[in-house]
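1. need the 3D shape of this:
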Amino acid sequence: MKKTTKLLLGGAGLFAGIGTVMNTMVLTRVSKKISDKNHELEEKKNPRDPSAPKEILRAEGDAWLDSKQHSHIVIQNSENKPIHGYIVKANEPSDKWLICIHGYTSSPKGMGSYALHYHNRGYNVLLPCLRGHDISEHRSISMGWLDRLDILDWIKYLIDIYGDIQIVLHGVSMGAATVMMTTGEDLPKNVKCAVADCGFSSVWDEFKNEMKETYHVPAFPVLYAGDLATRVIAGYGFKEASSLKQVAKSKTPTIFIHGEKDLFVPYRMLDLNYNAAACEKEKLSIPDAEHAEAHLVHPELYWENTFRFVEKYVK
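-> A predicted model of the protein is given here:
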């Protein structure tokens, strides 16, 4: 075998190996046990002050969800695979439903402080478990792209079971990307509006930002190799998984929210998502808020504007 051929094959093998490693490190499922352990390690690294106002609010939401009687629901998705979620019914009969969607390495329980506010306004709440998280049976995380198809199945399930209902989608971080990606699909009239809190513009853009800001490495070759590996393993590419392309097709009224000090999903993505959206829309910028903390840093600003928007569409 010629030396050049050996070098090419060796380079191709190295490229494939890098891609597989990235896919394994970033997109392998996060079990409930691992998620809990990650939270413990993060708490040791950056201990929270339980007396801080935002931590009191966070704990209140967690405690509320722990205290509520909820149903564990398992349905078959369009791929004929089981997907899991939890339902907390409203205190009184209601046709209002929230689908409350968690972020990367989080879980349905992590959305307690959001679900509480809707529940207090008479909503039933569905908290789906995204692919590769918590008790999900999927082996890989799909960063919202394949999750959007599961959300379509959850929407259908709710309508089939509960009839002519009103549905709000509210997601945070990867959950917000899931919301935006979902609104690019053909949704039933029951989906009245959406809330996208600190969602990324595309999987490619988010990973590229993380590699630059957190790991200080260039996109090539790692990101390109990871993209190729994910195409082979999961059947989609990082650029294909685009919130921007989806909201450009959206007819679902959406409020876009972002914390001004967000570095994980950079604040600049607020305008990228908002400007791309073809639907009725508003945007809300939250001062001093880091990633996924807008509702904790300025809760009155957050919830007053969120419900002012939502209640234009939910009667």
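
2. helices of the stretch 51-200 of the chain, start to end?
-> Applying DSSP state H, counting those that start in this stretch to the stretch 51-200 of the chain gives helices spanning 53-67, 112-119, 147-162, 174-183.

3. now do the contacts for the residue nearest the centre of the chain.
-> Residue closest to the mean C-alpha point of the chain, counted by CA atoms, centre = their mean, is G175 at 1.3 Å. The contact partners of G175, taken as CB atoms under 8 Å, 6 or more residues apart in numbering, are C100, I101, H102, G103, S106, M111, L130, G144, D197, G199. To be clear about C-beta, it is placed using only N, CA and C from the backbone, and glycine gets the same treatment.

4. name the nearest residue to the fourth one, ignoring sequence neighbours.
-> When you say that, I think you mean G103. Leaving aside its chain neighbours, G103 sits nearest to S173 (3.2 Å; criterion: CB to CB, 6 or more residues apart in numbering).

5. same question, S107
-> In space, and not counting its chain neighbours, S107 is closest to D134: 4.0 Å by CB to CB, 6+ apart.

6. tell me what the one you found is bridged to.
-> S31 (DSSP bridges).

7. what's around it, how many residues?
-> Residues contacting D134 under the criterion other CB atoms under 10 Å number 22.

8. pLDDT below threshold where in this structure?
-> For the chain, the stretches with pLDDT under 70 are 1-26, 29-51.

9. at 90 instead, please
-> 1-62, 64, 66-70, 139, 211, 213-222, 229, 232-234 (pLDDT under 90).

10. can you pull out the strands in it?
-> 30-31, 71-76, 82-88, 96-101, 124-128, 133-134, 166-172, 191-197, 254-259, 281-286 (DSSP state E).

11. now tell me what touches the fourth one from outside.
-> Judged by CB under 8 Å, 6+ apart, the contacts made with strand 96-101 from elsewhere in the structure are 90, 108, 111, 114-115, 118, 121-128, 130, 147, 151, 154-155, 158, 162, 165-172, 175-176, 178-179, 314.

12. hmm, back to that, would you reformat the strands of the chain as TSV and include distance to L272?
-> Formatted as TSV, these follow (distance: least, CB to CB, whole Å):
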stretch	distance to L272
strand 30-31	27
strand 71-76	33
strand 82-88	29
strand 96-101	20
strand 124-128	26
strand 133-134	25
strand 166-172	17
strand 191-197	12
strand 254-259	10
strand 281-286	11
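
13. so which of the ones you listed gets nearest D227?
-> strand 30-31 (20.6 Å; CB to CB).

14. look up which residues are beta-bridged to the closest residue to H72 other than its chain neighbours.
-> Leaving aside its sequence neighbours, H72 sits nearest to Y86 (CB to CB, 6+ apart; 5.9 Å). Assessed by DSSP bridges, Y86 has beta-bridge partners H72, L127.

15. hmm, K68 and Y86 touching each other?
-> No - at 9.3 Å, Y86 does not count as touching K68 under the criterion of CB atoms under 8 Å.

16. between these two, point out the one with more neighbours.
-> Y86 (22 against 15).

17. burial of I233, as a residue count?
-> Residues near I233, counting by other CB under 10 Å, number 15.

18. please read the previous query as pertaining to E92.
-> If we define neighbours as other CB under 10 Å, then E92 has 6 of them.

19. from N120, how far out is it?
-> Using CB to CB, to the nearest Å, E92 is found at 12 Å from N120.

20. what does V74 give?
-> 28 Å.

21. that older thread, okay, the contacts of G175 in a markdown table with distance to M269 and neighbour count next?
-> What follows is these, written out as a markdown table (distance: CB to CB, whole Å; neighbours: other CB atoms under 10 Å):
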| residue | distance to M269 | neighbour count |
| --- | --- | --- |
| C100 | 21 | 29 |
| I101 | 17 | 33 |
| H102 | 19 | 25 |
| G103 | 14 | 26 |
| S106 | 19 | 22 |
| M111 | 21 | 26 |
| L130 | 19 | 31 |
| G144 | 14 | 32 |
| D197 | 12 | 28 |
| G199 | 7 | 29 |
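
22. redo these as TSV? Include distance to A59.
-> Shown next, in TSV, are those (distance: CB to CB, whole Å):
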residue	distance to A59
C100	18
I101	21
H102	17
G103	18
S106	16
M111	14
L130	23
G144	27
D197	20
G199	25
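
23. so what's the residue nearest to H72 up against?
-> If a contact means CB under 8 Å, 6+ apart, then Y86 has H70, S71, H72, I73, P108, L126, L127, C129 as its contacts.

24. distance-wise, check the fourth one relative to I165.
-> Look at I73 and I165: by CB to CB, they are 15 Å apart.
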